[in-house]
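Q: Task: produce atomic coordinates for the following.
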Amino acid sequence: MRLRSRAAILLLVMSLIAVACSSETTDTTASGDEPTATTAVDGSTDETSAPETTAAPSEEPITVRAAVTGGEDTLNPYTYVSGFPGWNLLMLQYDSLMQFDAAGEPQPWLAESVEPNDDLTEWTITLVDGVTFNDGEPLTVDDVEFTFDYFVEKAAGRFARDLRGVESVTTDGDRTITVNLDAPNPAFELVALADIPIIPQHIWSEVDNPEEYQFDSVTNVGSGPFVLVDYVEDQSYRFEANPDYFRGAPTVDELVVVVFADDSGPLAAIRSGEIDVIFERISPEQIELLDAADPIDVVQGPEFTTQMINFDVSKAPFDDVAVRQAISLAVDRQDIVDTVFLGAATVGSPGWVHPDKAVYNPAVAADQDLEAANALLDEAGYTDTDGDGIREFDGAPMSFEMLTNSSDSLRLRISELVSEMLAEVGIQVNVASVETATWEEAVWPGFDIANGRNYQMAAWGWSAPIQANTIRVAELVHGDPSIGFLNLTGFSNPEVDALAAQLLTEADEAAAAQAIGELQVLIADLVPFVLLAYPDGAYAYNSATYDGWEFIAGQGIVSKVSLLDPSARP
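A: Residues are numbered from 1 along each chain as shown. Presented below is the predicted three-dimensional model:
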């Protein structure tokens with residue numbers, strides 16, 4: 001839809017706010033979190049200034065109306081709420097030193113070049129020249145140094161975690177920064193340089209308590225392609241394009257983000273034409289329905305989220321690898337992909353790594369084999385002595401509770417299917433659908449594994465960053481809580497620990513690839529968890545209003561990249 005006048009926009013925003021406020025409230029809390037060669041901007045020349053900014057040709061301004069479920073507060077680095085879509089909306093206003101391309105790989109952005117030393121302990125970054133914040137002040141190396149120091153000192157959860165291991169940040173001249181680490185970090189580009197928003201020193205140096213500080217203006221001062229100009233709490237956000245953006249003016253002049261209470265509101269609104277895009281993943285059963293409703297289109301791609309089964313391996317019989325192996329063999333992952341996700345997912349690898357990742361080990365297969373599963377249990381002494389169809393261990397039936405969160409209907413269906421599949425090998429699973437807070441507290445009490453576990457089996461899943469950064473598998477399987485701080489099953493194995501620790505600091509790409517390949521084999525064999533599927537991301541949008549959306553692997557379409565001219569994208 002084309003923007004005709006300022007008055008028309010305001011009337012539209014108010015009507016959308018009314019729609020959002022009238023939606024029925026539903027708890028939709030989500031679970032889960034959060035190449036080292038020299039890189040430079042492709043096609044760069046000896047010129048070091050920012051690209052000339054020119055407005056995209058258009059007969060009249062374009063507005064895009066987007067839907068989200070749940071507010072994201074004032075959308076600055078200390079107030080945004082969720083990793084998705086909160087961080088994505090945050091980064092419309094701010095820039096990072098690197099930016100993800102369509103393949104999900106970080107490329108220089110605010111940086112003109114990023115050059116690590118051979119052992120990945122020193123990273124030299126040269127800034128693009130001529131970048132300014134949206135208040136007109138220049139973005140300099142001093143702002144980058146300040147950003148790193150500020151996030152560590154003020155402990156912005158996600159960003160402070162990104163910067164673990166940073167020993168010092170020094171500047172050299174107007175455009176060069178050197179970051180020194182206390183140990184090699186092969187994922188520094190991914191976890192820090194492409195994640196952290198660079199904030200202006202002249203604004204934030206006066207903010208001592210950022211989590212409580214109230215700015216005078218709704219506008220956040222950043223260098224990004226959009227400026228937040230209006231915010232109504234839990235109702236709407238309005239962004240205007242930054243015409244002076246250093247990568248070129250955005251292809252959309254205004255972005256209105258409307259907050260709905262649950263996912264039924266956006267689905268109705270996009271069908272009626274009240275919104276133009278849904279900034280949330282749509283469910284599998286909606287994909288064909290919406291795609292058939294012109295001018296609505298649906299774009300799909302891998303997002304690296306996971307669906308899996310956890311068990312407490314410190315408790316019998318899950319401490320027996322034969323039981324865990326039998327469970328993995330009994331599960332038909334393809335059936336889950338076809339039945340629950342209607343094909344809009346990738347079959348889970350027993351070795352954790354997504355098949356689209358370069359380091360995926362294809363030798364690790366995900367085959368259902370009921371005969372082999374039954375044989376394993378028989379040989380391990382788990383038999384059905386009373387003929388009731390349920391095997392026994394230590395004189396008790398192999399009957400277990402599987403927790404799942406009631407707010408996620410897909411995960412509940414997965415749990416029900418897994419229960420049916422395990423019954424085929426004499427294991428009874430009773431699915432318990434509970435409130436999200438109850439489920440999280442049982443599996444991950446206080447979000448700290450030092451608090452132990454209080455479950456037998458649980459349906460679980462991790463958000464995209466855990467899978468997108470392959471070496472983070474160490475956090476899931478290492479037995480030392482300081483490294484394996486996402487190890488929710490209590491699994492521990494010395495060989496796995498050694499490979500996992502190597503991955504975190506291995507500077508040689510070939511050696512790292514070999515280590516992750518071997519680790520996938522061990523994970524598939526020792527089964528610390530059962531990975532079932534990697535659901536695709538699917539997004540619906542009105543192509544008559546705007547059709548420039550680009551799917552970024554592991555990120556989806558909610559990105560500044562989607563709103564820039566293709567020639568300006570990484």
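
Q: how about residue 484, what does it touch?
A: Going by CB atoms under 8 Å, 6 or more residues apart in numbering, residue 484 touches 449, 474-478, 500. Heads up, the C-betas are built off the backbone N, CA and C, glycines and all.

Q: among the residues you listed, which are in helices?
A: 474-477, 500 (DSSP state H).

Q: neighbours around the nearest residue to residue 139 once chain neighbours are set aside, how many?
A: Among residues not flanking residue 139 along the chain, residue 131 sits closest, at 4.3 Å (CB to CB, 6 or more residues apart in numbering). Per other CB atoms under 10 Å, the neighbour tally for residue 131 reads 21.

Q: How about residue 501?
A: 16.

Q: quick revisit: include pLDDT, distance to residue 172 and neighbour count when you put the contacts of residue 484 into a markdown table, please.
A: Converted to a markdown table, these look like this (pLDDT from 0 to 100; distance: CB to CB, whole Å; neighbours: other CB atoms under 10 Å):
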| residue | pLDDT | distance to residue 172 | neighbour count |
| --- | --- | --- | --- |
| 449 | 94 | 41 | 17 |
| 474 | 95 | 33 | 24 |
| 475 | 93 | 34 | 18 |
| 476 | 97 | 39 | 22 |
| 477 | 98 | 40 | 25 |
| 478 | 97 | 37 | 25 |
| 500 | 96 | 36 | 28 |
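
Q: Kindly reformat these as TSV containing distance to residue 363.
A: TSV is the format used below for the contacts of residue 484 (distance: CB to CB, whole Å):
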residue	distance to residue 363
449	30
474	21
475	24
476	20
477	19
478	23
500	19
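
Q: circling back: from the ones in helices among the contacts of residue 484, which is closest to residue 355?
A: For the ones in helices among the contacts of residue 484, the closest approach to residue 355 (CB to CB) belongs to residue 476, at 18.1 Å.

Q: Not counting sequence-adjacent ones, nearest residue to that closest one?
A: Here the residue nearest residue 476, using CB to CB, 6+ apart, is residue 486, at 5.1 Å.

Q: The one you found touches residue 463, doesn't it?
A: No. The criterion here is CB atoms under 8 Å, and residue 486 misses it with residue 463 at 11.2 Å.

Q: Which parts of the stretch 301-450 of the chain are strands?
A: Ranges of strands in the stretch 301-450 of the chain, per DSSP state E, counting those that start in this stretch, are 307-311, 345-347, 392-393, 396-397, 399-405, 428-434.

Q: got any ranges where the protein has weak pLDDT?
A: By pLDDT under 70, the weakly predicted segments of the chain are 1-59, 156-157.

Q: what's the longest helix in it?
A: The longest helix of the chain (DSSP H) is helix 509-526.

Q: picking that back up, what is the nearest of the contacts of residue 484 to residue 336?
A: For the contacts of residue 484, the nearest to residue 336 is residue 476 (20.3 Å; CB to CB).

Q: roughly how far apart are residue 84 and residue 468?
A: Counting by CB to CB, to the nearest Å, the gap from residue 84 to residue 468 is 12 Å.

Q: quick one on the thing from earlier: ok now the longest helix of the chain, how far from the chain's centre?
A: In terms of CA atoms, centre = their mean, to the nearest Å, the centre of helix 509-526 is set 23 Å apart from its chain centre.

Q: now swap in stretch 430-444 and tell me
A: The answer for stretch 430-444 is 22 Å, by CA atoms, centre = their mean.

Q: Just the endpoints, please. Distance across that stretch?
A: One end of stretch 430-444 sits 20 Å from the other (CA to CA, to the nearest Å).

Q: buried stuff in stretch 101-108?
A: For stretch 101-108, burial by neighbour count (16 or more other CB atoms under 10 Å) applies to 101, 104-108.

Q: I'd guessed residue 275 sits against residue 63; true?
A: No. Counting by CB under 8 Å, residue 275 does not reach residue 63; the two are 11.1 Å apart.

Q: Which one's more surrounded, these two?
A: Neighbour totals were compared for residue 275 and residue 63, and residue 275 leads with 30 against 22 (other CB under 10 Å).

Q: counting residues per strand, which one in the chain is longest?
A: The residue-count maximum for a strand in the chain (DSSP state E) belongs to strand 529-542.

Q: Tell me the gap between that strand and the middle of its chain.
A: 11 Å.

Q: Please report how far the residue of the chain most remote from its centre lies from residue 173.
A: Of all residues in the chain, residue 386 has its C-alpha farthest from the mean position, at 47.4 Å, by CA atoms, centre = their mean. Look at residue 386 and residue 173: by CB to CB, they are 80 Å apart.

Q: Make a markdown table from the ones in helices among the contacts of residue 484 and add distance to residue 525 to it.
A: Converted to a markdown table, the ones in helices among the contacts of residue 484 look like this (distance: CB to CB, whole Å):
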| residue | distance to residue 525 |
| --- | --- |
| 474 | 17 |
| 475 | 20 |
| 476 | 16 |
| 477 | 12 |
| 500 | 15 |
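
Q: re the thing from before, closest to residue 126 out of the strands of the stretch 301-450 of the chain?
A: Among the strands of the stretch 301-450 of the chain, strand 345-347 sits nearest to residue 126 (CB to CB), with 37.8 Å.

Q: At the geometric centre of the protein, which residue do we find?
A: residue 464 (3.2 Å).

Q: Leaving aside the residues adjacent along the chain, what's closest to that one?
A: residue 304 (4.4 Å).

Q: Let me know how buried that neighbour is, in neighbour terms.
A: Other residues lying near residue 304 total 25 when counted by other CB under 10 Å.

Q: Tell me which residues touch it, please.
A: 104, 354, 464, 466-468, 534, 553-554.

Q: How about residue 270?
A: Residue 270 neighbours (CB under 8 Å, 6+ apart): 67, 276-278, 290, 296, 540-542.

Q: Among the buried residues of stretch 101-108, which are located in strands?
A: Using DSSP E, those in strands are 106-108.

Q: Can you add distance to residue 346 and give those residues back as CSV?
A: Below are these laid out as CSV (distance: CB to CB, whole Å):
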residue, distance to residue 346
106, 23
107, 25
108, 30
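
Q: Looking at those, which one is closest to residue 459?
A: Comparing those against residue 459 with CB to CB places residue 106 closest, at 31.8 Å.

Q: Which positions are bridged to the closest one in the beta structure?
A: With DSSP bridges as the criterion, residue 106 is bridged to residue 100.

Q: is it true that it touches residue 192?
A: No. Residue 106 lies out of contact with residue 192 (CB under 8 Å); the separation is 9.6 Å.

Q: Give me the distance between residue 564 and residue 354.
A: Following CB to CB, the distance that separates residue 564 from residue 354 is 27 Å.

Q: same deal with residue 293?
A: 31 Å.

Q: Please apply the same query to residue 96.
A: 23 Å.

Q: ok, residue 144 touching residue 97?
A: Yes. Taking contacts as CB under 8 Å, residue 144 lies within contact range of residue 97: 7.2 Å.

Q: neighbour-wise, which of the two wins?
A: Neighbour tally, residue 144 and residue 97, criterion other CB under 10 Å: the higher count belongs to residue 97, 27 against 23.

Q: Distance check, residue 123 against residue 166.
A: 10 Å.

Q: any residues in contact with both of these two?
A: With CB under 8 Å, 6+ apart as the test, residue 123 and residue 166 both reach 179, 181.

Q: Comparing these two, which residue is more hemmed in?
A: residue 123 (24 against 20).

Q: Would you check which pair of the buried residues of stretch 101-108 lies furthest apart?
A: Using CB to CB, these reach their maximum pairwise distance at 104 and 108, which is 15.5 Å.

Q: and residue 172, how many neighbours?
A: Residue 172 has 11 neighbours, counted by other CB under 10 Å.

Q: What residues are bridge-paired with it?
A: Bridge pairing for residue 172 - DSSP bridges - gives residue 176.

Q: correct me, but it touches residue 145?
A: No. Assessed by CB under 8 Å, residue 172 is found out of contact with residue 145, at 11.0 Å.

Q: Tell me how many other residues surround residue 385.
A: What residue 385 shows, counting by other CB under 10 Å, is a neighbour count of 8.

Q: Out of the ones in strands among the buried residues of stretch 101-108, flag the one nearest to residue 316.
A: Nearest to residue 316 among those: residue 106, at 44.4 Å, using CB to CB.
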